[in-house]
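> below: sequence and its predicted model.
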Amino acid sequence: MAEAERIIGTPDTPDADRDGQERDDAHAGGAPGAGAEGTVAEAERPRGKRRVAVLFAVAAFAYALDLISKMIVVAKLEHHEPIEIVGDWLRFEAIRNAGAAFGFGEAFTVIFTVIAAAVIVVIIRLARKLYSLPWAIALGLLLGGALGNLTDRIFRSPGVFEGAVVDFIAPKHFAVFNLADSAIVCGGILIVLLSFRGLDPDGTVHKD
């Protein structure tokens, strides 16, 4: 009987049962106990890719909107009288801004250009760990706005990395700004709100 069991391969000990189970686990795609973790990782991967897609879609939309608006302003409004939108409370007035958002710090154009480039790199690197939809939207707004103003810094006069940004939205008693500035501010506000709520970019919630 024992010889027959040996030839057929039927296990007659607990060790043999465990060995067989381990072989089954290996054929299933991993070491014992790794199946559940592998399933979770595989389920998270498509969700992360969707969030990254949202980030870049929002960034592309914000960037395109800013770029098109500046092209129209330069072609139709620059060197012309301002256009009143809501009386004297809001008007469109084309100006060239060598400083940061809302006209601050005109003496540090190159520094602001480097900061904008660094922000873009950080956002792109952070995208690899992104699993939160609100964070994807917020970072997309920041990325699109930073790209919009960085494009002006690189390609507009007086020179590369020193170019003046095109601003045109002029509320009464407030600095003149553009759509890229608006995207950056909205993205920053959303990030502050998400941080107060304890929501991290990877989708987890922490409580201090």
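Here it is on my side, so go on.
> SS state for the residue most central in space within the chain?
Most central in the chain under CA atoms, centre = their mean is L139, positioned 3.3 Å from the mean C-alpha point. Following DSSP: H, G, I helix; E, B strand; the rest coil, we place L139 in the helix state.
> pretty sure it contacts L130?
Yes. Contact status for L139 versus L130: in contact at 7.2 Å, counting by CB atoms under 8 Å. For glycine as for every other residue, the C-beta is placed from the backbone atoms N, C-alpha and C.
> could you pull out the helices for the protein?
In the chain, the helices defined using DSSP state H lie at 2-8, 14-28, 34-76, 109-126, 133-155, 179-197.
> so what's the residue count around A127?
Each residue near A127 was counted by other CB atoms under 10 Å, and the total is 21.
> check the one 3 residues further on too.
Each residue near L130 was counted by other CB under 10 Å, and the total is 23.
> now do the contacts for it.
Applying CB atoms under 8 Å, 6 or more residues apart in numbering to L130 gives the contacts 48, 51-52, 55, 136, 139, 201-202.
> which of the helices of the chain sits most buried?
Ranked by mean neighbour count under mean count of other CB atoms under 10 Å, the helices of the chain are led by helix 133-155, which reaches a mean of 23.
> need the overlap of contacts for L139 and L130.
With CB under 8 Å, 6+ apart, L139 and L130 have common neighbours 55, 201.
> list the contacts of stretch 181-188.
Outside stretch 181-188, the residues that touch it by CB under 8 Å, 6+ apart are 62, 66, 101-102, 137-142, 144-146, 148-149, 167, 169.
> from A62, how far out is the residue nearest to V58 when sequence neighbours are not counted?
Using CB to CB, 6 or more residues apart in numbering and skipping the chain neighbours, the partner closest in space to V58 is G140 (2.8 Å). Separation of G140 from A62 (CB to CB, to the nearest Å): 7 Å.
> same question, A170
20 Å.
> one more: I137?
For I137, the distance to A62 - CB to CB - is 10 Å.
> next: A116.
Note on A116: its distance to A62, by CB to CB, is 14 Å.
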